[in-house]
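Chemist: Provide a 3D model corresponding to the input given below.
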Amino acid sequence: MDAVGPRLDSARRVFTSDAEVARALGVDPAEVARWRRGQRPAENDANRLAALDAMIQMLDGYLSPSRTRRWLTGPNANLGDGSPLTALRADEVPSVIAAVRVLRSGAHG
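Modeler: Residues are numbered from 1 along each chain as shown. The predicted structure is shown next:
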């Protein structure tokens, strides 16, 4: 299962259920259940999961898990007032990573 299991566990520190993780990634909850049982995600889904994990790791120690969840799901001026998760699902990962960096720098956009 390589890094899928640890990445799902990372997401579960922020989201309260695998169903919420699935919504965050824009996949059916049955997909996440299959990943938990060892099925490999499709490449695009694996990339999104890796990106979500990277965002969570970047915010770890800076925001609490509940604040990380709110940041990921809330509007963000650096993303045209869309949420970081909306941008993630649209494969705009570099924009989300930039928004994390702006947050961590203390700058406001």
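Chemist: give the contact list for the closest residue in space to residue 50 that isn't next to it in sequence.
Modeler: Using CB to CB, 6 or more residues apart in numbering and skipping the chain neighbours, the partner closest in space to residue 50 is residue 7 (6.4 Å). C-beta here means a position set from N, CA and C on the backbone, and glycine is covered the same way. Neighbour list for residue 7: 49, 50, 52, 53 [criterion: CB atoms under 8 Å, 6 or more residues apart in numbering].
Chemist: Okay, residue 7 and residue 35: tell me how far apart.
Modeler: Per CB to CB, to the nearest Å, residue 7 is found 9 Å from residue 35.
Chemist: Enumerate every residue touching the closest residue to residue 56 other than its chain neighbours.
Modeler: With sequence-adjacent residues excluded and distances taken as CB to CB, 6+ apart, residue 56 is closest to residue 10, at 5.3 Å. Taking CB under 8 Å, 6+ apart as the definition of contact, the neighbours of residue 10 are 52, 53, 56, 57.
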